[in-house]
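> Please find the sequence and the predicted model below.
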2 protein chains.
Amino acid sequence: MSRALLSSCGTMSRMPPGTRARARAETTRAILDEARRQLAEQGAAALSLRSVAREVGMVSSAVYRYVASRDELLTRLIVEAYDAVGERAEAARDPDAPPRAQWRAVWRAVRSWGLEHPAEYALIYGSPVPGYAAPAETIPAAGRVGLLLAAIVAEHGVAPTDEGGSDGILRDGLLPGVDRPLVLPAIAAWTQLFGTVGFELFGQYENVVVDRAAFLDAVADAAASSVGLPSR
Amino acid sequence: MSRALLSSCGTMSRMPPGTRARARAETTRAILDEARRQLAEQGAAALSLRSVAREVGMVSSAVYRYVASRDELLTRLIVEAYDAVGERAEAARDPDAPPRAQWRAVWRAVRSWGLEHPAEYALIYGSPVPGYAAPAETIPAAGRVGLLLAAIVAEHGVAPTDEGGSDGILRDGLLPGVDRPLVLPAIAAWTQLFGTVGFELFGQYENVVVDRAAFLDAVADAAASSVGLPSR
DNA sequence: CAGCGGTGAGAGCACTGCTCTCGGCAGTAG
DNA sequence: CTACTGCCGAGAGCAGTGCTCTCACCGCTG
């Protein structure tokens, strides 16, 4: 229905020198938005560059001026999705709240974002769609939620005294502010968060977990204990 | 290269009355095998019914006598994959070994199966590929590893006395043999297992976890404690 | 004013999933 | 032994895909 989203596409009116670049940015934005819309509606597998072009009001070959390939389009969507979860999680954390409340808020934020954007969630935390190439430019964006969890642990985590011996398992210098014995549990908790949300979204809890929100809270609480967040 | 895998396809020699059905079963097997081969080589997205047909030595339309659609083909592969992990995990467990050894063996078996069959792992534990329909016939096969873990917990798990209050979160009667307070930790551990293996396979541990095998062992051990397996 | 470069359109190639029709052969009924 | 029924593979065909190439247009720049 929404044909010709770009009304002034070849007829860009005169404007300050940036006109050219602005038009380009707008077209790129329109393409990405439409792509994200289709991704959300029918999933990554059904995302077609041609139909994006149709909906945006140009012919398929024209979008190749803006996106190198379908895979590149997906990669851009991946980065945007990582940023979106990250942003949502960061916004949910209130640094003045008690540690466990912060922790739970982040877990809940990730879950609710996933429920709202299942296809995008699948895109970033499900199986890598384009071949096997894990696109390198996604790595920085991918870490945001992990770093957020780490920040909470760094600030409030209390390590038990009888730990040790996990040297050489993780990268040196990972999570600098976190107590040495808590680093591995923190990574495990980060994994647990996305594992749990993923299992819910991908249907593994069908006929298993009834109250998924409460389940996530319970798992979050156990994870909070494992990273030494004070109970009360 | 391997054209005409079915040498005696239209020329099936006379045999006991089951001939017809046998030929059909063989052709079906050949199709599924070739499909699994291609899935392993290039991933689910690249699996093409036409190229399966080509390699198996028939024309594409003929394959539709055996599989209703590409999605049905994938569904069958999904069930086979679930069974394969399940079988591997069950084989790895030695019921006479100490509880934690059994536990660790299962975790390791799932991981090594995943490393050997990343595309199949992604197919079943990654994002659901065909549209959104979670095929119902996969549900029984999907539970095998979970039930295996539950069996270990049922036999050796010792519940702490100060637990309770997780009623209504999980399905009633889930994991009948397991102590009530251990059911939720068991589900969480099951999630953690596949979350961890998935994160490794899907590249999330890039630049994070160095020694992945040791990491899995550590996580498995923590999970073992959470479900009350004795330390020694 | 001339030309360069970015842009969109269109045709085209090779491929996909899926459908339909047709001819042949197998197993069975008479 | 003959004739029929039903399964099966081949082939053509439709609609759609990703991607490439060429061509014409026109604004911006020299």
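Thanks, I have it.
> what residue is smack in the middle of chain A?
The residue lying closest to the centre of chain A (Cα atoms, centre = their mean) is A:Tyr82, at 2.9 Å.
> low-confidence ranges in chain A?
A:1-18, A:129-135, A:162-165, A:232 (pLDDT under 70).
> Show which residues not belonging to stretch A:95-108 make contact with it.
Counting contacts by Cβ atoms under 8 Å, 6 or more residues apart in numbering or on different chains, the residues outside stretch A:95-108 that touch it are A:89, A:92-94, A:145, A:148-149, A:152, A:155-156, A:193, A:213, A:216-217, A:219-221, A:223-224, A:229-232. All C-beta spots, glycine's among them, are computed from the backbone N, C-alpha and C.
> Let's see that with 6 Å instead.
Identification of contacts with stretch A:95-108 by Cβ atoms under 6 Å, 6 or more residues apart in numbering or on different chains yields A:Ala89, A:Ala92, A:Arg93, A:Leu148, A:Ile152, A:His156, A:Leu193, A:Ala220, A:Ala224, A:Leu229.
> Next: stretch A:160-177.
Stretch A:160-177 has contacts (Cβ under 6 Å, 6+ apart) with A:Ala150, A:Ala154, A:Pro181, A:Val183, A:Leu184, B:Val208, B:Val209, B:Val210, B:Asp211, B:Ala214, B:Phe215.
> Select only the buried ones of those residues in PyMOL?
Paste this into PyMOL to select the buried members of the contacts of stretch A:160-177, with burial taken from 16 or more other Cβ atoms under 10 Å in any protein chain shown:
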select buried, (chain A and resi 150+154+181+183+184) or (chain B and resi 208+209+214+215)
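> which of the contacts of stretch A:160-177 lies closest to DNA strand D?
Using Cβ to the nearest atom of the strand, B:Val208 is the member of the contacts of stretch A:160-177 that sits closest to DNA strand D, with 29.8 Å.
> Neighbours of the residue found closest to A:Leu49 once you drop the neighbours it is linked to in the chain, how many?
In space, and not counting its chain neighbours, A:Leu49 is closest to A:Arg70: 5.0 Å by Cβ to Cβ, 6 or more residues apart in numbering or on different chains. With neighbours defined by other Cβ atoms under 10 Å in any protein chain shown, the count for A:Arg70 comes to 18.
> A:Arg50 is in contact with A:Arg70, correct?
No: counting by Cβ atoms under 6 Å, A:Arg50 is not a contact partner of A:Arg70; they are 9.6 Å apart.
> Now the common contact residues for these two.
When Cβ under 6 Å, 6+ apart defines a contact, no residue borders A:Arg70 and A:Arg50 alike.
> Give me the neighbour count for A:Ser225.
15.
> Please name the nearest non-neighbouring residue to it.
With Cβ to Cβ, 6+ apart as the measure, A:Ser231 is the residue that lies nearest to A:Ser225, at 7.5 Å, once sequence neighbours are left out.
> Can you show me the helices along chain A?
Secondary structure of chain A (DSSP state H): helices at A:19-42, A:49-56, A:60-63, A:70-92, A:99-116, A:118-125, A:139-142, A:144-156, A:180-201, A:212-226.
> quick one, what contacts the residue of chain A found nearest DNA strand C?
Among the residues of chain A, A:Ser61 lies nearest to DNA strand C; the distance is 2.8 Å by Cβ to the nearest atom of the strand. When contacts are counted by Cβ under 6 Å, 6+ apart, A:Ser61 touches no other residue.
> Can you pull the residues of chain A lying near chain B?
When proximity is defined as Cβ under 6 Å from any Cβ of the partner chain, chain A approaches chain B at A:122, A:126-128, A:134, A:168-171, A:184, A:188, A:191-192, A:195-196, A:199, A:202-203, A:208-211, A:214-215, A:218-219.
> Could you tell me which of those count as buried?
A:122, A:126-128, A:169-170, A:184, A:188, A:191-192, A:195-196, A:199, A:202-203, A:208-209, A:214-215, A:218-219.
> Look up how far B:Arg171 lies from A:Glu206.
Taking Cβ to Cβ, to the nearest Å as the measure, A:Glu206 falls 10 Å from B:Arg171.
> so A:Val158 makes contact with A:Leu229?
No: contact status for A:Val158 versus A:Leu229: not in contact, 7.9 Å apart, counting by Cβ under 6 Å.
> Those two: which is more packed in?
A:Leu229 (24 against 13).
> Contacts only, for the more buried one.
Shown in contact with A:Leu229 (Cβ under 6 Å, 6+ apart): A:Pro99, A:Arg100, A:Trp103, A:His156.
> Excluding sequence neighbours, find me the nearest residue to the last one.
Right, the one you point to is A:His156. Counting by Cβ to Cβ, 6+ apart, the nearest residue to A:His156 once its immediate chain neighbours are dropped is A:Pro99, at 3.6 Å.
> Tell me how many other residues crowd A:Glu41.
Other residues near A:Glu41 come to 10 when the count uses other Cβ under 10 Å.
> need the residues of chain A near DNA strand C, please.
Listed as neighbours of DNA strand C in chain A under the rule Cβ under 7 Å from any atom of the strand: A:6, A:9-10, A:20, A:23-24, A:27, A:57-62, A:65-66.
> Which members of these are the farthest-apart pair?
With distance counted by Cβ to Cβ, no two of the residues of chain A next to DNA strand C lie farther apart than A:Arg20 and A:Ser60, which are 22.8 Å apart.
> Quick check: the residue of chain A nearest chain B.
For chain A, the residue positioned closest to chain B under Cβ to the nearest Cβ is A:Gly195, at a distance of 2.0 Å.
> so A:Glu120 sits right up against A:Glu80, yeah?
No: with contacts defined as Cβ under 6 Å, A:Glu120 does not count as touching A:Glu80, sitting 8.2 Å away.
> These two: who's more crowded?
Remark: of A:Glu120 and A:Glu80, A:Glu120 carries more neighbours, 24 against 17, as counted by other Cβ under 10 Å.
> residues near the spatially closest residue to the more buried one that is not a sequence neighbour, how many?
Nearest residue to A:Glu120, sequence neighbours excluded (Cβ to Cβ, 6+ apart): A:Ala81, at 4.2 Å. When neighbours are counted by other Cβ under 10 Å, A:Ala81 registers 24.
> Where does the record place the domain boundaries for chain A?
According to automatic domain parsing, chain A comprises the domains A:19-67, A:78-226.
> Identify, out of the ones you listed, the most deeply packed stretch.
With neighbours taken as mean count of other Cβ atoms under 10 Å in any protein chain shown, the domains of chain A reach their highest mean count in domain A:78-226, at a mean of 19.
> How about that one and DNA strand D, touching?
No: with Cβ under 7 Å from any atom of the strand as the threshold, domain A:78-226 lies outside contact range of DNA strand D, at a closest distance of 8.7 Å.
> how long is that domain from one end to the other?
30 Å (Cα to Cα, to the nearest Å).
> same question, stretch A:63-71
As for stretch A:63-71, its first-to-last residue distance stands at 13 Å under the measure Cα to Cα.
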